[in-house]
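Participant: let's see this in three dimensions:
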Amino acid sequence: MSTEPDFKPTRYDVFDPGFQIDDDLKVVEHLGGSRKVDIYLCRSKKYDSLVACKILRARYTIDYSSLEAVMEEGHRLLGLRHPNVIEGYDVALEPYPRVVLEYLTGQTLSTIFFKGNYDAFELDDFVSVAEQLCDALTYVHEQGLLHLDVKPANVMYDDGHVTLFDFSVAEDFSSGDTLRDNAGTVEYMAPEQTFRKEVGYMTDVFGIGVVLYQLLSGEEYPYPVISGPLPGYDKDDVRRHLDYSSPPAPPSKSNPSVPREIDSVVLKAVKSDKRKRYQTPAEFKDALIEAYWHTVDDTE
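Facilitator: The predicted model follows:
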């Protein structure tokens, strides 16, 4: 009988193809990960399909906050069922803290659009992406959540179909709640998120707005990214953040083919003043559709 301890991955270890995570899940390949988690493509006997498995790295299993974050994300995803939102299948603590997820095919927006491929897509492709993201977030908000990290790397694109994923910084939220949170990705964060003011549905609208702005302009950000102390914070606390004091140029400045009606809608979605922004994804979607069909009518 072997006296060697059971295999436990370190921060740099990953499971090899064929590794049996539990009675159900067998690793097919390592898909990537972040500082605290690894993502695996696995074969599931239970679901008779390929699934994605998000596993907390061993060194963080003794960190309650990291463990809680993974478990909370998993339980939130278990209740979500929408064609534009990733599905969660299962959550478990042993033998490895993990979330079993729908395996998404295709490529992220970061890859499909943001690698010099803009000329391969038309305006209606970009508008469709934004519409589907609005639908996804409208549903997410109706389920009592804010996503708070809408960005190209968290959106899968497969033959025109869009799926929003990565709910690792999502928060419980309903209309009338007071929530302050600055977790997210700097380049896509609204001012109220950056400065830990009250966030809401319009905060996710800002994220969609930045994504659409980039798609239309060829990867430009509406606001410049700078490094320095945040207003109202310790002057020695230097961080990367957006310079919201610089009014965004219309996307058409970088891409003259963008109609001015679309310019106006996108610029409103990324207003630094949250009161002047579209207040919900549904409101943003309605304005975008109206502007789009106005441009179509003008060309006929």
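Participant: run through the bridge partners of the closest residue to residue 87 other than its chain neighbours.
Facilitator: Nearest in space to residue 87, with sequence neighbours left out and distances taken as CB to CB, 6 or more residues apart in numbering, is residue 102 at 4.2 Å. Placement of C-beta: from N, CA and C, glycine included. Following DSSP bridges, residue 102 is listed with bridge partners residue 51.
Participant: residue 102 is in contact with residue 52, isn't it?
Facilitator: Yes - applying CB atoms under 8 Å as the test, residue 102 and residue 52 come out as touching, 6.9 Å apart.
Participant: ok, the residue nearest to residue 87 - contacts?
Facilitator: For residue 102, the contact set (CB atoms under 8 Å, 6 or more residues apart in numbering) comprises 51-52, 86-89.
Participant: same for whatever helix or strand residue 215 lives in, what does it pack against?
Facilitator: Using DSSP states H and E, residue 215 sits in helix 201-217. Here helix 201-217 touches helix 123-142, strand 145-146, helix 191-194, helix 260-269, helix 281-299, going by 3 or more CB pairs under 8 Å, 6 or more residues apart in numbering; DSSP states H and E.
Participant: do that again at 7 Å, thanks
Facilitator: Using 3 or more CB pairs under 7 Å, 6 or more residues apart in numbering; DSSP states H and E, the elements in contact with helix 201-217 are helix 123-142, helix 260-269, helix 281-299.
Participant: the stretch 51-200 of the chain: strands as residue ranges?
Facilitator: Counting by DSSP state E, counting those that start in this stretch, one finds strands in the stretch 51-200 of the chain at the ranges 88-92, 98-102, 107-108, 145-146, 155-158, 161-164, 171-172.
Participant: return the set of buried residues in stretch 276-284.
Facilitator: By neighbour count on 16 or more other CB atoms under 10 Å, the buried set for stretch 276-284 is 277-278, 280-284.
Participant: which residues does residue 53 contact?
Facilitator: The contact partners of residue 53, taken as CB atoms under 7 Å, 6 or more residues apart in numbering, are 21, 25, 40, 42, 98, 100.
Participant: spatially nearest residue to the second one (excluding sequence neighbours)?
Facilitator: Spatial nearest neighbour of residue 25, chain neighbours left out: residue 42 (4.4 Å); criterion: CB to CB, 6+ apart.
Participant: is it true that residue 292 touches residue 126?
Facilitator: No - taking CB atoms under 7 Å as the definition, residue 292 is not a contact partner of residue 126, at 9.7 Å.
Participant: hmm, back to that, ok, the residue nearest to residue 87 to residue 174 distance?
Facilitator: Going from residue 102 to residue 174 by CB to CB, to the nearest Å gives 25 Å.
Participant: before we move on, the earlier item: in CSV: the contacts of residue 102, plus pLDDT and distance to residue 245.
Facilitator: Shown next, in CSV, are these (pLDDT from 0 to 100; distance: CB to CB, whole Å):
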residue, pLDDT, distance to residue 245
51, 98, 46
52, 97, 40
86, 97, 36
87, 96, 41
88, 96, 40
89, 96, 45
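Participant: same list (those) but as a markdown table, adding distance to residue 163 and neighbour count.
Facilitator: As requested, the contacts of residue 102 are exported to a markdown table (distance: CB to CB, whole Å; neighbours: other CB atoms under 10 Å):
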| residue | distance to residue 163 | neighbour count |
| --- | --- | --- |
| 51 | 15 | 21 |
| 52 | 12 | 18 |
| 86 | 6 | 20 |
| 87 | 9 | 19 |
| 88 | 13 | 21 |
| 89 | 15 | 19 |
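Participant: would you point out the most distant pair within those residues?
Facilitator: Greatest spatial distance among these (CB to CB): 51 and 86, at 11.2 Å.
Participant: find the residues that touch each one of these two.
Facilitator: Joint contacts of residue 51 and residue 86 (CB under 7 Å, 6+ apart) are residue 101.
Participant: just to check, residue 179 is in contact with residue 173?
Facilitator: Yes - in this structure residue 179 lies within contact range of residue 173 using CB under 7 Å: 5.3 Å.
Participant: more neighbours, the two?
Facilitator: residue 173 (22 against 16; other CB atoms under 10 Å).
Participant: restricting to C-alpha, output stretch 99-114 in PDB.
Facilitator: Taking C-alpha atoms only, stretch 99-114 is exported to PDB below (Å, rounded to 0.1, in the frame of the first residue of the first chain):
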ATOM      1  CA  VAL A  99     -18.300  24.700  -9.700                       C
ATOM      2  CA  VAL A 100     -19.500  22.700 -12.700                       C
ATOM      3  CA  LEU A 101     -20.600  24.900 -15.600                       C
ATOM      4  CA  GLU A 102     -21.900  24.700 -19.100                       C
ATOM      5  CA  TYR A 103     -19.100  24.400 -21.600                       C
ATOM      6  CA  LEU A 104     -19.200  27.300 -24.000                       C
ATOM      7  CA  THR A 105     -18.000  26.900 -27.500                       C
ATOM      8  CA  GLY A 106     -16.800  29.700 -29.700                       C
ATOM      9  CA  GLN A 107     -14.400  32.500 -28.800                       C
ATOM     10  CA  THR A 108     -14.600  35.500 -26.400                       C
ATOM     11  CA  LEU A 109     -15.200  38.900 -27.800                       C
ATOM     12  CA  SER A 110     -11.600  39.700 -26.900                       C
ATOM     13  CA  THR A 111     -10.500  37.100 -29.500                       C
ATOM     14  CA  ILE A 112     -13.100  37.300 -32.200                       C
ATOM     15  CA  PHE A 113     -13.400  41.000 -32.500                       C
ATOM     16  CA  PHE A 114     -10.400  42.500 -30.700                       C
END
